[in-house]
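>>> Here is my input; please provide its structure:
(3 chains)
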Amino acid sequence: MRLDFTLNNRPYRLEAPDHWTVLDLLRDGLALTATKYGCGEGVCGTCTVLLDDEPVRACLVLAARLRGRTLLTAEGLESNGAPDRLQSAFARAGAAQCGFCTPGMLLSARALLAANPSPTEHDVREALAGNLCRCTGYTKIVEAVLAAAGPR
Amino acid sequence: MAYRVIGGSQPRADAWEKVRGRPIYAGDLAVAGMLHARIVRSPYASARIVRIDTSEARALPGVVAVLTHPDVPQNALRMELPGRMAEATAGAVLATQPVLAEDRVRFQGEPVAAIAAETPEIAAEAAERVRVEYEPLPGVYDPAEALRPGAPHVHEGGNLLRAWHIRKGDATEAFARADVIVEKTYRTPFVDHVYLETETGIGWIDAEGTLVLRVSTQVLEHFRDVAEVLRLPHGRVRLEGAYLGGGFGGKEDVTVECLLGLLVWKTRRPVQLVFSREESFIGHGKRHPYALRYRSGATRTGELVAMEVELVSDSGAYAALSPWVLLYSLVTATGPYRVPHVTVDAFTVYTNNPVASAYRTFGSIQTCIGYEGQMDALAAALSMDPLELRERNFLRKGDSIATGQVLESEPMLGETMRRAWQALGPVRPGGGPVRVARGLAASFTPYGRMCWTRDSASAWVGMELDGTAVVRCAAPDVGGGQTSSLCSITAEVLGLPVEQVTAVGRDSHFTPRAGTTTATRQLFMSGNAVLKAAREVRRHLVDQAAEMLEAAPEDLELVEGRALVRGAPDRAIDFSALVKAATAAGRPVQALDKYDAPSAPTIDPATGQGKPFNDYTFGTQAVEVEVDEETGQTRVTKLAACYDVGQAINRQSAEGQIEGGAVQGLGHALLEEVVLEDGVSKNPHLLDYKIPTTLDAPEIITILLESGKGLGPFGAKGIGEPAMTPTPAAVMNAVSRAVRAPLTQFPITAERVLTALKGTTSHPCASTSR
Amino acid sequence: MRLRPFALVEPETIPEAVEILARLDGEARVIAGGTALVPTMRLGLVTPDRLVSLHRIAGLSEVRVDKGMLEIGAMTSLSALMRYGIVRDGWPLLAHAAARVATPSIRSSATLGGNLCYAEAASDPAPALLCLEAQVRVADSVGERVVPIGEFFTGFYETAVAAGEILTAVRVPPMPEGARAGYVKFCPRSAEDKPLVGVAALVTLDGAGRVSDIRLALAGAAPTPIRARRAEAALRGETLTDAAVRAAADAAAIEADPLSDLMGSADYRREMIRVWVRRLLLSLR
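Below you'll find the model as predicted:
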């Protein structure tokens, strides 16, 4: 099937098999590997991307659903090679250990801050509860998101 | 001790690549013409293979290879410690584990066939068309059952894989003199690592005809395993270490390496192998379930007089690292306490359950549950404050552990305990049905390998003409900052900003071998190797600068990429000029060095006496829990951890290890269990195997003590595994307090807590499904 | 991990969708948000040859109030549903229950229609809709029929939607005047989970503080989401005293027929129904 959509602020036109998910399209169709396969069940969150600014599980959404819509992956966060506020906050706070959950975390956090620019710690934990991390214990991830949000 | 780089809290170099989502993991590289692999696995835990028919699968268009055991040149995974050459103990019954099963399968998930096809879809379809005829056989699923006469044998020679013993003093006699004796059995389940990145690798044959595998692995020395399986010279196989998306010991044994190597070698094409999450649950080694039977005796004033411990671990269907995990349990069985009379009998047993092998703490987390549960139980029996009881018995410098090894530096246990406990702050009252309680666990965990393995690591440090430094060291990075630490050490020694030190790859061919990233050994071993090499380079730079600045070497300092005369900063030369001059003069500006860990003979097989490890990390965790007395639901609301880390190399990293280890431990305590029914997993999915989320993780306070007495660079100790050791025990102790009844079975689910609260078997809730 | 290949059909009308489902070649399934279907496909539990996606059908994602009735298109995502002011203001019980499903990245894709058709006993929106006495519109080849929600869940993962039919909308009558409502989701494992039990309640008190209308619905109490009829009967006409609430909670526990599974035993579920029915009702006093 033919798909026209916007990805990381650029227009794309692709052919993709019917049974591909957004994750297949990103990793195998476009070699954009920041979005990860972690479980295929929609539980771990490493495949989180923003579709029309809403967080979705790329491993569950069929590629067909991209038609005419806007997709943002972790590769699209930086501009001209410069990391964005959240990315910098994560790096500075030590919020990435193995880093495998990091792209999904960043996108969920971005969606949170867009809807709620001054979240409480609980708000942050709730928004990120669908992004599992096995390395950090979440402490520095939460600190990083609060730091990126700035003073309340 | 004030350092320029060491002990600071700077972002790791790899952090920037990770936040940008760069393709640094094994699955992020695709090669043109790459085939996709799929493994066919046994659905049975115990069965004879009657027949394997691959004809239908091979006939499918797009299938390039369907391999079974006759296709494997040497169908045996080596049973040596990963990365080691010397094998120092005899007497273990080590059955060979095949790469692809031959006439029997012994655990659910045992690989039977390996497929390579043009697309993942074709590979999946081919897997469904491999027809395997199984004849289910009686199996054994409980270690106690497996030890009984008449139990089905998992392998020839019986089900007892290995036993270790400690005999110190005369425990039987000492118990007679004890004023109080507490006896309990604790039970822990199979637990999964659940690293977010499943087992992944890609392989190809390079221009020299070398088999190259880029793998998510903790052990680059697995190139030897692959070479042996394929009957290739060891130099014909190269392992490139991608950054791991988590390891925790689950990627210590061979996972994809041999299967992938086999497929690449047979097809002569690049091949990618990625385990699905379900396959990861079923296909890799777990944490050993333990039955820990403890008997502890003390005087009425709270001095421990004797401990008798029986440990039985379930090795699952193959040996993997079970004998060594058991050894760690043996050594740590009595805890960080002075116990004059000790009897420990430890057994690891074959069953048809999943293979159990390495998992963070490597047998130390289970014993901590035992010894710390006992301390709280003794305190209750003595009506003594649990902290005071521990204080009375903590090991001090000059004391010996149960194996007779004398501690040469102060463990600081009392301080770790007091500070962790105090960090919980003022006691909060409960309210309504919610009870608030606190508990703690002190612990000790070895770092570095067993002494008789004669562990070593090598590293190369060198200067470039632009005055920057390069580190070459094949230390796999599991996300614990392994690579970053090597840069920090080099930067500190050479007086360079850390951004001007680059670590170049991790590779079994091109970078000096540093051994496994396991056993909390990497900072100790590769860190010391890098330290040696960097110091040698420093000497060369200083000697060159001394000549050029006409000063004595001892009057020179290396600061911010310049060599200068102390007190006369205008007499200076920058590194670039220095290195160019040295090179022109034929003076070396690089060094390859090897660090050898101190070694000692094996412990006595009958008494366990000897020096098993070079050093230990001591620490305490204290937790506050809320228990809903009507539902049994338990939340950990606060966790405080205090450790002597010797010297933090990067403070942020050390904290991160403790925070992560504690939450992983929390999962073990409250949530995690591989649920098996006759060896078959009922929950190989994240929907049913829950790990902690942001909402489950508590506020965590970390307190780092720095004795400087570690054996690692700058007096550092290891923290990776010790970070997790005490958490389940601390949670158990807190919940037991809240419930006013001992909980001894893990995970401590809400249903188990409610059963304990209700106390009687007549309550409708007392019958539980697990 | 790739899904097993299938043909994707994206009809633009309901009749077109129904017609495709009626074809006899191979197995066709409806896909809405995919959050329940795709994981089961990935595990090989269902193997459709054709997926009929509803996302192009106009009007299926609309939410509006029509003569006081809330009309929710079946393809409305749970996150969209939560965001509508008319839903939050007029049917807060439903908005609250929808907000409790899984996590933000699931709610953005998961649809109300898909949630109902999956028919898990442990659904969050289902008890809320049972309390609200909603109705479900089902389209077939001849037209459309309305199924009361109380008749919608017919068995363990089974609904009144027959093969070849499509759930098109959920209609929710206005909440009774002055009603108090609440939904509690109990997750004893990790905080992000399906409910072990879920309790929704909608209570109207008369001038004397007696219960004039009560609807109590449970998730995880039976093979399907259910109304706790005996508990309701125990409270009708009563004031919400501790004793009355306790009696209702006991009745709900006795009436329940829960399953044992990896999350918990039947006995434990039963006890949790007792506890959480009591706690929710007390909170509505």
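
>>> The closest residue to C:E177 other than its chain neighbours: helix or strand, and which one exactly?
Leaving aside its chain neighbours, C:E177 sits nearest to C:T204 (7.4 Å; criterion: C-beta to C-beta, 6 or more residues apart in numbering or on different chains). Backbone N, C-alpha and C define where each C-beta goes, glycine included. Following DSSP states H and E, the helix or strand that holds C:T204 is strand C:197-205.

>>> Please list all residues in contact with B:Y371.
B:Y371 is in contact with B:Y294, B:M307, B:T332, B:A333, B:T334, B:G335, B:Y337, B:A729, counting by C-beta atoms under 8 Å, 6 or more residues apart in numbering or on different chains.

>>> Please verify my assumption that the fourth one contacts B:Q374.
No - counting by C-beta atoms under 8 Å, B:A333 stays clear of B:Q374, with 10.5 Å between them.

>>> anything in contact with each of these two?
Shared contacts of B:A333 and B:Q374 (C-beta under 8 Å, 6+ apart): B:M307.

>>> Compare these two and say which is more crowded by neighbours.
Taking neighbours as other C-beta atoms under 10 Å in any protein chain shown, B:A333 and B:Q374 compare with B:A333 leading, 32 against 25.

>>> about what we covered before: now, which of the contacts of B:Y371 sits nearest chain A?
B:A729 (17.5 Å; C-beta to the nearest C-beta).

>>> my read is the closest one is in a helix, agree?
Yes - the assignment for B:A729 is a helix, going by DSSP: H, G, I helix; E, B strand; the rest coil.

>>> wait, doesn't it sit right on B:I369?
Yes - B:A729 lies in contact with B:I369 (C-beta under 8 Å); the separation is 4.7 Å.

>>> Look at residue 95 and report its pLDDT.
You didn't pick a chain, so chain A it is. Here the pLDDT value assigned to A:A95 is 98.

>>> I was after chain C.
For C:A95, the pLDDT comes out at 97.

>>> surely it meets C:A80?
No - contact between C:A95 and C:A80 fails when scored by C-beta under 8 Å: they sit 11.0 Å apart.

>>> next structured bit after the helix or strand hosting C:D250?
In this assignment (DSSP H and E), C:D250 forms part of helix C:242-255. Once the chain leaves helix C:242-255, the next helix or strand it forms, by DSSP H and E, is helix C:266-283.

>>> quick one: that following helix to helix C:242-255, angle?
150 degrees (axes from the mean of the first three to the mean of the last three C-alpha atoms, to 10 degrees).

>>> Spell out, range by range, the helices that occur in chain A.
Remark: helices assigned in chain A by DSSP state H are A:22-24, A:85-93, A:102-115, A:121-127, A:139-149.

>>> Quick one: the helices in the stretch 1-150 of chain C, in order.
Ranges of helices within the stretch 1-150 of chain C are C:14-22, C:37-42, C:78-83, C:85-90, C:92-99, C:104-107, C:112-118, C:125-131, based on DSSP state H, counting those that start in this stretch.

>>> whoops, I mixed them up, the stretch 301-450 of chain B
B:322-332, B:364-382, B:386-393, B:413-423.

>>> So which residues on chain A come close to chain C?
A:1, A:17-21, A:24, A:37, A:40-42, A:45, A:48, A:51, A:54-57, A:59-62, A:64-65, A:108, A:111, A:127, A:129-130 (C-beta under 8 Å from any C-beta of the partner chain).

>>> Intersect these with the contacts of chain B.
Within those, those near chain B by C-beta under 8 Å from any C-beta are A:H19, A:Y37, A:G40, A:E41, A:A129, A:G130.

>>> Closest to chain C out of these?
Checking these against chain C with C-beta to the nearest C-beta, the nearest one is A:G130 at 2.7 Å.

>>> ok, so what distance separates the most centrally placed residue in chain A from A:V124?
Closest residue to the average C-alpha location of chain A: A:L107 at 3.2 Å, with C-alpha atoms, centre = their mean. Distance from A:L107 to A:V124, counting by C-beta to C-beta, to the nearest Å: 14 Å.

>>> what bridges to the residue nearest to C:E177?
For C:T204, the beta-bridge partners under DSSP bridges are C:D213.

>>> Check A:L72 too.
Assessed by DSSP bridges, A:L72 has beta-bridge partners A:L50.

>>> what number of residues lie near it?
Around A:L72 there are 20 residues (other C-beta under 10 Å).

>>> do the same with B:E228
When counting by other C-beta under 10 Å, one arrives at 17 neighbours for B:E228.

>>> Contact partners for B:T511?
B:W460, B:R472, B:C473, B:A474, B:V504, B:G505.

>>> pLDDT check: weakest of these?
Confidence-wise, B:G505 trails the rest of the contacts of B:T511, at 82.

>>> Quick check: that residue touching B:R238?
No - if you go by C-beta under 8 Å, B:G505 and B:R238 don't touch, sitting 11.5 Å apart.

>>> so where's chain A uncertain?
Within chain A, the ranges that satisfy pLDDT under 70 run A:152.

>>> domain ranges for it?
A:2-76, A:85-148 (automatic domain parsing).

>>> Straight-line length of the longest one, end to end?
Domain A:2-76 has an end-to-end distance of 23 Å (C-alpha to C-alpha, to the nearest Å).

>>> Now do that domain: distance to the chain's middle.
10 Å (C-alpha atoms, centre = their mean, to the nearest Å).

>>> Same question for stretch B:289-302.
Centroid displacement of stretch B:289-302 relative to its chain, using C-alpha atoms, centre = their mean, is 27 Å.

>>> What residues of it count as buried?
B:P289, B:Y290, B:A291, B:L292, B:R293, B:Y294, B:R295, B:S296, B:G297, B:A298, B:G302 (16 or more other C-beta atoms under 10 Å in any protein chain shown).

>>> mind putting those in a markdown table, distance to B:L578 and secondary structure included?
Formatted as a markdown table, these follow (distance: C-beta to C-beta, whole Å; DSSP: H, G, I helix; E, B strand; the rest coil):
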| residue | distance to B:L578 | secondary structure |
| --- | --- | --- |
| B:P289 | 58 | coil |
| B:Y290 | 57 | strand |
| B:A291 | 63 | strand |
| B:L292 | 59 | strand |
| B:R293 | 64 | strand |
| B:Y294 | 61 | strand |
| B:R295 | 66 | strand |
| B:S296 | 62 | strand |
| B:G297 | 66 | strand |
| B:A298 | 64 | strand |
| B:G302 | 62 | coil |
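
>>> Pick the one among those residues closest to chain A.
Using C-beta to the nearest C-beta, B:P289 comes nearest to chain A of the buried residues of stretch B:289-302, at 20.5 Å.

>>> That closest one reaches B:Y186, doesn't it?
No - using C-beta under 8 Å, B:P289 makes no contact with B:Y186, being 11.1 Å away.

>>> C:V18 and chain A, how far apart?
20 Å (C-beta to the nearest C-beta, to the nearest Å).

>>> what's near enough to touch that residue?
Contacts of C:V18 by C-beta under 8 Å, 6+ apart are C:A139, C:D140, C:S141, C:G164, C:E165, C:I166.

>>> Point out the residues in the stretch 101-250 of chain B that sit beside chain C.
Counting by C-beta under 8 Å from any C-beta, the stretch 101-250 of chain B sits next to chain C at B:T119, B:P120, B:E121, B:A124, B:E125.

>>> Name the residues of the stretch 51-200 of chain C found near chain B, please.
With the criterion set to C-beta under 8 Å from any C-beta, the stretch 51-200 of chain C comes near chain B through C:F186, C:P188, C:R189, C:S190, C:A191, C:E192, C:D193, C:K194.

>>> Touching stretch B:23-36 from outside, list them.
A:28, A:31, A:33-34, A:36-37, A:99-100, B:14, B:17-18, B:64-65, B:116-120, B:122-123, B:197, B:200-202, B:204, B:214-216, B:242-245, B:263, B:267, B:269-272, B:274.

>>> Report the buried residues of that stretch.
Across stretch B:23-36, burial judged by 16+ other C-beta under 10 Å covers B:P23, B:I24, B:Y25, B:A26, B:G27, B:D28, B:L29, B:M34, B:L35, B:H36.
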